[in-house]
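S.K.: My questions concern the predicted model and sequence given below.
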Amino acid sequence: MNNIRATLQFIYEAIGSILLAALALPAAAIDLKNADGSWTFSLNGNVNVDYIWSSCEGATSAVTVAGGLTCTGTGSGSNVSNVGNGLLPAAFVFGVATTQAGIDISGHLGLYPGIATNDGGSPNLQTNSRNGVSTNTALGTTGLDVRQVYMTFGNKGMGTFTLGRNIGLFGADAILNDMTLPGVGAPGSAASAAPSNTTLGGIGFGYIYTDWLAQIDYTTPDISGFSFTLGIFDPLNSLTDPPLTGYATAGKKAPGFHAKISYTLPFSDTTKLYVSVAGLTQEQNYYYTLSVIPAGIPTTYDYRGSGVDIFAKLDIADLEVFAYYYHATGLGTTALFNLGAFGFGDTRDSDGYLAQATYKFGALKVGVQYGESKLDYANSADQAANPSLVSSNRKAVVGLYYSLTPNLTLLAEGSDVKSEAHGAGSNSATTVNVGAFFKF
């Protein structure tokens, strides 16, 4: 259980700092062409800052929820204040594009700095080399997340190939349409003494984080509103396996596979329906490394993690509503391959949903959102061994987003979160944030 708690602390502090900026931004703010116009260089990005206040579960009433995403207080109190990035880090995304022999070719590099003082070598989970604990101290600087570097080539007739490190397919539509993307949503590590670069938003509260994957994909041309993407990706190691000392992760025997099909149906200039289905599958392999093998344990074991989701969004003039659902086996919750298995490859099922509605009153957008992620036991042995395993993380959010200018948004959100354990008990917390989001 200590290993599970340590890993979930990593998730609690880290996952929020791995969000997407470039794909949520408009066309490049700056385009520069060379003398003959054959090359285009671009730059876009954002800077965002929020004041984040959280009222966490009191220290005396808090229960252990392994995999829970609700903050808990300490002996000094239950309220936490931070000034930091929201769900998105800042972003500076550079691009270069050209057309040669009728083929459109482009390359992209995304740099994502935060503003929290967490220069411990990673923008996600910071450690102090002096005492090995998370730090947010004087004389520090922020972390830089280099999450995106990829190339594309193709055209409208042949489709498009994407090669490099870029956003995944499973869960992407949920996070890209999450209204808290420019805001905060669930605070994650922002409700702690050592914030990472970003918050959780809706990650773990209705969808599993899509992540950034080293991948090779092909996307078809538009076919009467349909588009299909199929690809392979570099397999991810599990965050919570292997369970016992002596086991190690085996070399990757095969790539992971992911795919997505989408359909856009326009009813009029102001009304359209978008539907997508995405999925991924990947195997985990482990082997025992010590020369003496205890009785009753396998020398090798493996399991497969797979998931599928469905997303539907309806736009009617200033009204936008969407619904999202996923089901997975062996993927776990919050992040890919987090708490996805028990013992020697007995997989846990998980599922979740997210519903959202927003409406624009001129420059003001008002939104409401509710989501829940659930995790099941693998078997009765898992139930007996892990009574504090998370049963569900759920969240409700109300948000106000005011476009002061076309590129500057002022925002305010209120979020209520709750984490329940399978055994007994739950933790609840609320967060209020105000801030500004500048895109360019």
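M.R.: Thanks, I have the structure now. Residues are numbered from 1 along each chain as shown.
S.K.: and stretch 306-326, C-alpha only, in CSV?
M.R.: What follows is stretch 306-326, C-alpha atoms only, in CSV (Å, rounded to 0.1, in the frame of the first residue of the first chain):
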residue,chain,number,x,y,z
SER,A,306,-7.0,-1.4,-23.8
GLY,A,307,-9.6,1.3,-23.9
VAL,A,308,-12.3,2.8,-26.1
ASP,A,309,-14.2,6.1,-25.9
ILE,A,310,-17.0,7.9,-27.6
PHE,A,311,-17.4,11.7,-27.9
ALA,A,312,-20.4,13.7,-29.3
LYS,A,313,-20.6,17.5,-29.5
LEU,A,314,-23.5,19.6,-30.8
ASP,A,315,-23.0,23.3,-31.7
ILE,A,316,-26.1,25.5,-32.1
ALA,A,317,-25.1,29.1,-32.6
ASP,A,318,-23.8,30.2,-29.1
LEU,A,319,-24.7,27.0,-27.4
GLU,A,320,-22.3,24.1,-27.2
VAL,A,321,-23.0,20.8,-25.4
PHE,A,322,-21.0,17.6,-25.4
ALA,A,323,-21.0,14.2,-23.8
TYR,A,324,-18.1,11.8,-23.4
TYR,A,325,-17.7,8.2,-22.2
TYR,A,326,-14.8,5.7,-21.9
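S.K.: Centre of the chain to that stretch, how far?
M.R.: Distance, stretch centre to chain centre, for stretch 306-326: 17 Å (C-alpha atoms, centre = their mean, to the nearest Å).
S.K.: Show me what the mean pLDDT comes to for stretch 71-83.
M.R.: For stretch 71-83, mean pLDDT rounds to 93.
S.K.: Now that stretch: buried residues?
M.R.: Buried residues in stretch 71-83, counting neighbours by 16 or more other C-beta atoms under 10 Å, are found at 71-73, 78, 80, 82. Quick note: C-beta positions are derived from backbone N, CA and C, even for glycine.
S.K.: okay but Gly345 is in contact with Gly305, surely?
M.R.: No: here Gly345 lies out of contact with Gly305, judged by C-beta atoms under 8 Å, at a distance of 10.4 Å.
S.K.: who touches both of these two?
M.R.: Both Gly345 and Gly305 are in contact with Gln284, where contact means C-beta atoms under 8 Å, 6 or more residues apart in numbering.
S.K.: ok, back up a step: which of the buried residues of stretch 71-83 sit farthest apart?
M.R.: Greatest spatial distance among the buried residues of stretch 71-83 (C-beta to C-beta): Thr72 and Asn82, at 15.9 Å.
S.K.: Mind checking which of the buried residues of stretch 71-83 are in strands?
M.R.: Judged by DSSP state E, the buried residues of stretch 71-83 include 80, 82 as members of strands.
S.K.: would you list the buried residues of stretch 71-83 in JSON lines and tack on distance to Gly168?
M.R.: Listed next are those as JSON lines, based on distance: C-beta to C-beta, whole Å:
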{"residue": "Cys71", "distance to Gly168": "27"}
{"residue": "Thr72", "distance to Gly168": "31"}
{"residue": "Gly73", "distance to Gly168": "35"}
{"residue": "Ser78", "distance to Gly168": "36"}
{"residue": "Val80", "distance to Gly168": "31"}
{"residue": "Asn82", "distance to Gly168": "28"}
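S.K.: ok, and for stretch 176-185, which residues are buried?
M.R.: Across stretch 176-185, burial judged by 16+ other C-beta under 10 Å covers 177-185.
S.K.: and which of these is nearest Ala250?
M.R.: Among those, Asp178 lies closest to Ala250 (C-beta to C-beta), at 35.2 Å.
S.K.: burial count for the residue nearest to that closest one when sequence neighbours are not counted?
M.R.: Distances taken as C-beta to C-beta, 6 or more residues apart in numbering place Gly202 nearest to Asp178, at 4.7 Å, with adjacent residues excluded. Each residue near Gly202 was counted by other C-beta atoms under 10 Å, and the total is 29.
S.K.: show me the contacts for Gly202.
M.R.: Listed by C-beta under 8 Å, 6+ apart, the contact partners of Gly202 are 174-175, 178, 180, 185-186, 354, 369, 371, 395, 397.
S.K.: for these, which one is nearest Thr98?
M.R.: When the contacts of Gly202 are ranked by distance to Thr98 (C-beta to C-beta), Ile175 comes first, at 30.5 Å.
S.K.: which SS class is that closest one?
M.R.: Assigned by DSSP: H, G, I helix; E, B strand; the rest coil, the conformation of Ile175 is helix.
S.K.: hang on, isn't it packed against Asp211?
M.R.: No: using C-beta under 8 Å, Ile175 makes no contact with Asp211, being 10.0 Å away.
S.K.: of the two, who's got more company?
M.R.: With neighbours defined as other C-beta under 10 Å, Ile175 and Asp211 compare such that Ile175 has more, 27 against 21.
S.K.: quick one: the closest residue to that one other than its chain neighbours and Phe233, what's the gap?
M.R.: Spatial nearest neighbour of Ile175, chain neighbours left out: Thr210 (5.8 Å); criterion: C-beta to C-beta, 6+ apart. Distance, Thr210 to Phe233, by C-beta to C-beta, to the nearest Å: 11 Å.
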